[in-house]
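A.B. asks: A predicted structure for the sequence below; I have some questions about it.
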Amino acid sequence: MRFTFLILSLIQMLAACVSPRQLRKEIVFFNEGLDSAAIQSLTITEPAIQKGDLLQIVISTRSSATNLLFSQNLIQPNVGGNAGGNASGAADMANQYLVDIASGDIKIPLIGTVHAEGLTKSQLEKEVLSRAMKYVNEEPVVNIRYLNFRVTFLGSVGAQGTKQFQSERVSFLQALGEAGGIAPGGDLKNIILFREQNGKRTVHKIDLTNGDFLNSPENFLRQNDIVYVSPTSRQLIATDMSFQRNFQFINLGVTVLNLIFILTNIFR
C-alpha cells in the first residue's frame, strides 16, 4: 500500500513538472520565427467601414455659416453665459453618423446619402470632399474618425472587458497591453480572434510565441474584434477541483487500506 501511494504521488508530481525549455516555449513572446527584416517591410492597411459603425464627420471651411450647413442640426445661439458650451456640445453630437445596419449608408446634410460600407476612412473623406466642393467656393477640410473602435478581451487576460481606442490603427500587442496582458496560466499558443467583416464572421488562431504573427493581417485589430485567450492545460488541472478531490479520495483510500493492513498484523 505504501508503495502504491508513493507511485501515485510521483505521477502527480511528474504531471505538474515541465522542462525549462518547454516552459520558455509556452510563456515567452516570439521565442521563434522572429524576422526583423520582414517586420520592417510590413504594409499597414486601413480597416474598412462596416455597418453599425459610429463615425464623426466634420466638414470645415473658413465660414462658420457654411459649416453649419453641413451639420445635422443648425445650432441656434442661446442667451446666457453657457451658450458657447451648449453650442459646442451640440455640434459634437451633430457630427456623429451611424452607418445604417441595413444599407451601409450615411446621410449628411446638404451632401445627401453616401454609401460608406466597404470604404476606408481615407476613401470616404475623398468622397465627402468631392461632394462638398459643389456647394462652396473653397476646398473644405474633411476629418473623419471612428467613435466606436472597440475590442473585447476574454479569458486569461489581466482585465476582461471591452476597450475603446481613439485610433483605428491598433496593434494586437497594444490592445493586449490595455487589457492587462496575458494572465498567469494563459496559453500564448492558443489565442482565438473572432472578426466580423463585410457581413461574414471569421475565426483566426493566434500564436504569440511565433514571430511570424507580426507579419499577419491579425497583427492589427479591427473594430468590434473579440479576442479569447485560452488557459494552458496545466492551468486547467491546477484549477480543476474535481482532479484535487479525486486525488484526495485516492489518498484517503490508500490510508484506510494501510490502516487495515496494520490492524490485521496487530491482531493476527
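C.D. replies: Here it is on my side, so go on. Nothing here was measured: the structure is a model prediction, and the numbers come from that model.

A.B. asks: low pLDDT regions in the stretch 101-250 of the chain?
C.D. replies: For the stretch 101-250 of the chain, residues meeting the criterion pLDDT under 70 lie at 235-250.

A.B. asks: any chance you could map the strands in the stretch 1-150 of the chain?
C.D. replies: Using DSSP state E, counting those that start in this stretch, the strands of the stretch 1-150 of the chain run over residues 54-60, 96-98, 105-108, 112-115, 141-146, 150-155.

A.B. asks: would a markdown table of the ones you listed with mean neighbour count and distance to Glu196 be doable?
C.D. replies: (C-beta placed from N, C-alpha, C; glycine too.) Below are the strands of the stretch 1-150 of the chain laid out as a markdown table (neighbours: other CB atoms under 10 Å; distance: least, CB to CB, whole Å):
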| stretch | mean neighbour count | distance to Glu196 |
| --- | --- | --- |
| strand 54-60 | 18 | 15 |
| strand 96-98 | 16 | 16 |
| strand 105-108 | 17 | 19 |
| strand 112-115 | 14 | 19 |
| strand 141-146 | 16 | 15 |
| strand 150-155 | 18 | 12 |
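
A.B. asks: and the ones you listed: which comes nearest Lys205?
C.D. replies: Nearest to Lys205, of all the strands of the stretch 1-150 of the chain, is strand 150-155, at 13.4 Å by CB to CB.

A.B. asks: got a list of contacts for that closest one?
C.D. replies: 159-165, 170, 175-176, 179, 186, 221, 223-231 (CB atoms under 8 Å, 6 or more residues apart in numbering).

A.B. asks: and with 10 Å instead?
C.D. replies: The contact list for strand 150-155 (CB atoms under 10 Å, 6 or more residues apart in numbering) reads 159-165, 170, 172, 174-176, 178-180, 182-183, 186-187, 190-194, 221-231.
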